[in-house]
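Asks: I'll drop the sequence and a predicted model, then ask my questions.
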Amino acid sequence: MKISSLWSLPIVGLVALLASQAFAADTLARIAETGTLRIGFRADAAPYSYRTTSGDPAGYIVDLCREVANSVKASRQLPKLAIDYVEVTAANRFDVLRDGKIDLLCEPTSMTMSRRATVDFSLPTFIDGAGVLFRTGQVHGLEDLRGKRIGVLGGTTTEETLRTTLGQLDIKATIVPTSNHPAGVKQLTNGEIDAYFADRGILNYLLVNSRDSAGLKISDQYFTFETYALALPRGDDIFRLLVDATLAELYRTDRIKKIYARSFGSFPPDQFINALFVINGLPK
């Protein structure tokens, strides 16, 4: 079959064709056999992936994974498909995926070369960057953090960037790893730390929704740019193709506007996210 003919197929036909010509994807075969898609989500990474007050998984990236579930159901012609939401942490998320306990990691996962050695990644889902949350009037720049206590979620690329940046600038400070973002904000409000580093999207959400955010401010500066993507089992090309085809189709249509607005409240997004949708809305 010609390449042009291959890519003219809908998602369902494309996945079926590749499965017949190569081998049945392990992930899709397991999902079809059990009737369940297992997605990993975080309880504390709003607005991307979190647990609501009623206990339900929610968030922008969780919603993207629900769209993937719809594509899986259609491609395997399943009468119904259950979603098993498996809570993960920043520390164990990749272990849970590599151990086969989940099929798809649906949270703000930064795509890096070192991580690609052990897991595969989808098309990008979001672009964010590290910022710093501090008490108003006490911190104006990184130099003001000299000798201070800085909180950051342990086991993340943000922690790595913080340590590297402070070292490059020869700024001596005490880094305090936290177990989750709300705990970090509470420590900052209580004076246990002097600043808190995290992705800006998460900091903005915490600033608006946390009862502990009075008197806090986010720096204007971006300290990194992080590209998020869905992590999935390494080497499962057919499953990855289905995931990518789902995202590309969303990015080409107005459906992404509704999904985005559900978590961020407005559309269009900033220029970086808009460019992500345009660049990755790949044709069939």
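Replies: Nice, thanks for sending it over.

Asks: For stretch 261-278, list every residue counted as buried.
Replies: S263, F264, P269, I273, L276, F277 (16 or more other C-beta atoms under 10 Å). C-beta coordinates here come from the backbone N, C-alpha and C atoms, glycine included.

Asks: Please work out the average pLDDT along it.
Replies: Computed over stretch 261-278, the mean pLDDT rounds to 83.

Asks: Ends of that stretch, what's the gap?
Replies: 17 Å (C-alpha to C-alpha, to the nearest Å).

Asks: Contacts for that stretch, please.
Replies: Applying C-beta atoms under 8 Å, 6 or more residues apart in numbering, the contact partners of stretch 261-278 are 47-48, 59-60, 63, 124, 126-127, 225, 251, 256-257, 260.

Asks: Please indicate which of the residues you listed are buried?
Replies: P47, Y48, G59, Y60, D63, P124, F126, I127, Y251, I256, Y260.

Asks: returning to that earlier point: looking at the contacts of stretch 261-278, which gets the smallest pLDDT?
Replies: Checking pLDDT across the contacts of stretch 261-278, the minimum falls on F225 at 86.

Asks: got a list of what the nearest residue to that residue once chain neighbours are set aside touches?
Replies: Counting by C-beta to C-beta, 6 or more residues apart in numbering, F225 lies nearest to G129, which is 4.7 Å off, once chain neighbours are set aside. Taking C-beta under 8 Å, 6+ apart, we find G129 in contact with D199, R200, Y222, F223, T224, F225, E226.

Asks: Looking at the residues you listed, state which has the most neighbours.
Replies: Compared across these, D199 has the highest neighbour count, 25 neighbours, by other C-beta atoms under 10 Å.

Asks: which stretches of the stretch 101-250 of the chain form helices?
Replies: 157-168, 181-189, 200-209, 237-252 (DSSP state H, counting those that start in this stretch).

Asks: Out of the ones you listed, which gets the lowest mean score?
Replies: Among the helices of the stretch 101-250 of the chain, helix 200-209 carries the lowest mean pLDDT, a mean of 84.

Asks: can you tell me which residues contact K101?
Replies: Going by C-beta under 8 Å, 6+ apart, K101 touches R38, G40, V86.

Asks: how about 7 Å then?
Replies: Counting by C-beta atoms under 7 Å, 6 or more residues apart in numbering, K101 makes contact with V86.

Asks: That one and D95: what is the separation?
Replies: 9 Å (C-beta to C-beta, to the nearest Å).

Asks: same check, this time on T125
Replies: 21 Å.

Asks: ditto for A43
Replies: Distance, A43 to D95, using C-beta to C-beta: 17 Å.

Asks: Look at those two and report which has more neighbours.
Replies: A43 (17 against 12).

Asks: I'd say the more buried one and R51 touch.
Replies: Yes - with contact defined as C-beta atoms under 7 Å, A43 reaches R51; the gap is 4.2 Å.

Asks: Take the contacts of G129 and keep only those in strands.
Replies: D199, E226 (DSSP state E).

Asks: Closest one of the contacts of G129 to R234?
Replies: E226 (20.9 Å; C-beta to C-beta).
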